[in-house]
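Asker: sequence and predicted structure, then a few things I'm wondering about:
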Amino acid sequence: MTPPLIAPSILAADFANLQRDVEFLNQSEADWIHVDVMDGMFVPNISFGIPVCEAVNRHATKPLDVHLMIVQPERYIEAFAKAGAANPDRPGTITVHLEACTHLHRTLTQIRETGCRAGVALNPHSPVELLADVLDEMDQVLIMSVNPGFGGQSFIPHTLQKIRKLRQLLAGSGHTALIEVDGGVGNDNVAALVEAGADVLVAGSSVFKAAHPSEAIHQLKFFNPALRQ
Ligand code: DX5
Ligand code: ZN
């Protein structure tokens with residue numbers, strides 16, 4: 001069994017010490033840096049935008065995993081690609097919400113054209129079957145395990161069934177897109193998530209609010225003692 005990739009979310013970092021927290025992630029066992037962009041329209045909260053993504057990119061040594069929780073995300077693909085998601089030294093991902101895209105196929109194509117991996121996020125109410133006609137265009141699916149907009153919410157257990165269904169959908173069609181899970185991920189559900197088929201785990205509070213964040217990342221990645229050899 002391969003350990004899951006870990007993508008700590010800087011939404012839970014200390015924004016007054018962002019450089020310090022990004023440098024911490026560089027040194028840690030984290031694989032990607034998850035960047036949560038919220039516009040106060042698609043989700044009720046506003047987080048940060050392009051300049052903060054650029055600032056993270058200036059200090060990061062790992063790929064940026066940009067999660068756009070914004071309406072009409074196609075308007076900002078180019079800007080976030082330039083702000084670090086398409087960094088040629090460590091190409092990252094731009095993920096858009098299915099619920100926010102009128103022309104999802106076109107938007108995913110647009111993301112790949114910038115040199116980024118293309119991701120689709122699904123809110124808890126959106127069935128995985130809605131992805132059937134964009135399988136060739138996506139590199140990753142982000143399954144939201146909370147309603148997007150805030151860190152620190154409780155994991156919605158129904159998510160596990162969605163991950164299993166998506167795993168079957170991908171296997172049945174021979175696609176290798178990664179399955180990422182975002183929201184309420186921690187020690188209490190990591191084993192079930194990986195068993196269900198998750199490849200990438202986003203973790204905000206369970207990393208940055210932990211007493212020992214580097215140990216928290218280690219525990220998520222090597223939750224199974226068999227992986228620690
Ligand atoms: C929620 C964001 C998440 C959030 C996760 O809308 O997309 O990435 O940062 O935070 P935790 O891990 O605290 O649920
Ligand atoms: Zn996110």
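Answerer: Alright, I've got the coordinates. Residues are numbered from 1 along each chain as shown. Ligands and ions are numbered 1, 2, ... in the order given.
Asker: around M138, count how many other residues there are.
Answerer: 22 (other Cβ atoms under 10 Å). C-beta: built from backbone N, CA, C; applies to glycine.
Asker: distance of it from H59?
Answerer: Remark: distance between M138 and H59 (Cβ to Cβ, to the nearest Å) = 29 Å.
Asker: can you check P88 too?
Answerer: For P88, the distance to H59 - Cβ to Cβ - is 17 Å.
Asker: who in this protein is up against ligand 1?
Answerer: Within the chain, the positions lying close to ligand 1 (Cβ under 6 Å from any ligand atom) are 9, 11-12, 34, 36, 67, 146, 148-153, 182-185, 202-206.
Asker: not counting sequence-adjacent ones, nearest residue to L169?
Answerer: V128 (6.0 Å; Cβ to Cβ, 6 or more residues apart in numbering).
Asker: quick check, that neighbour in contact with V141.
Answerer: Yes. Applying Cβ atoms under 8 Å, one finds V128 in contact with V141, separated by 7.5 Å.
Asker: neighbour count winner among those two?
Answerer: The neighbour comparison of V128 against V141 (other Cβ under 10 Å) goes to V141, with 28 against 20.
Asker: in contact with whichever residue of the chain sits closest to ligand 2, which residues?
Answerer: With Cβ to the ion as the measure, H67 is the residue of the chain nearest to ligand 2, at 3.7 Å. H67 is in contact with H34, V35, D36, V37, T95, G119, A121, L142, D182, V202, counting by Cβ atoms under 8 Å, 6 or more residues apart in numbering.
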